[in-house]
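Enquirer: Need coordinates for the following:
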Amino acid sequence: MKTPEEIESALNQMNGTECYYLYTKGFKLTDGVKLMAELTGGFWLLDVIISYQGNEKRLDPDFQVWTLKVDGDKAIVYGKNDIENVVVQEIEYTDFPLKEITVWVEGDVLLLPSER
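Expert: Prediction:
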């Protein structure tokens with residue numbers, strides 16, 4: 001397993017994407033989101049994000065910002081439109097190696113902010 005510093009360094013190099021990877025329920029992952037999930041074991045985070053699509057009517061289907069904030073072995077996932085948190089989900093246990101990660105949803109694509 002890579003250190004948090006190594007993971008952040010790898011993710012900071014993601015700029016744009018060369019490929020889109022079909023994930024689940026018709027959603028696609030960019031190179032950076034796929035790499036993040038592989039390096040962190042964070043596919044569960046993608047599943048959390050996708051689980052709210054279409055179920056939470058206050059979420060904008062065109063653009064959303066999702067942030068995972070980790071504190072020890074607990075975490076909170078925030079999903080928001082523009083500036084308003086629409087979703088706040090507590091995660092009782094995680095071994096996610098980073099203190100924070102942000103994933104954007106644009107339509108049916110999950111991407112890192114640096115990939116836009």
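
Enquirer: and residue 15, helix, strand or coil?
Expert: Per DSSP: H, G, I helix; E, B strand; the rest coil, the secondary structure class of residue 15 is coil.

Enquirer: Do I have it right that it meets residue 112?
Expert: No. At 9.2 Å, residue 15 does not count as touching residue 112 under the criterion of CB atoms under 8 Å. (Each C-beta comes from the backbone N, C-alpha and C, glycine too.)

Enquirer: ok, those two, which is more surrounded?
Expert: residue 112 (21 against 11; other CB atoms under 10 Å).

Enquirer: Contacts only, for that one.
Expert: 11, 14, 30, 32-33, 36, 102-104 (CB atoms under 8 Å, 6 or more residues apart in numbering).

Enquirer: Now do it against residue 13, distance only.
Expert: 11 Å (CB to CB, to the nearest Å).

Enquirer: contacting residues for the closest residue in space to residue 20 that isn't next to it in sequence?
Expert: Leaving aside its chain neighbours, residue 20 sits nearest to residue 28 (4.2 Å; criterion: CB to CB, 6 or more residues apart in numbering). Contact analysis of residue 28 by CB under 8 Å, 6+ apart lists 20-22, 108-110.

Enquirer: 10 Å - rerun?
Expert: 17, 19-22, 34, 107-111 (CB atoms under 10 Å, 6 or more residues apart in numbering).

Enquirer: again, but for residue 109
Expert: 17, 20, 23, 27-30, 33, 115.

Enquirer: quick one on the thing from earlier: quickly list what's touching both of residue 112 and residue 13.
Expert: Residues touching both residue 112 and residue 13 by CB under 10 Å, 6+ apart: 32, 35.
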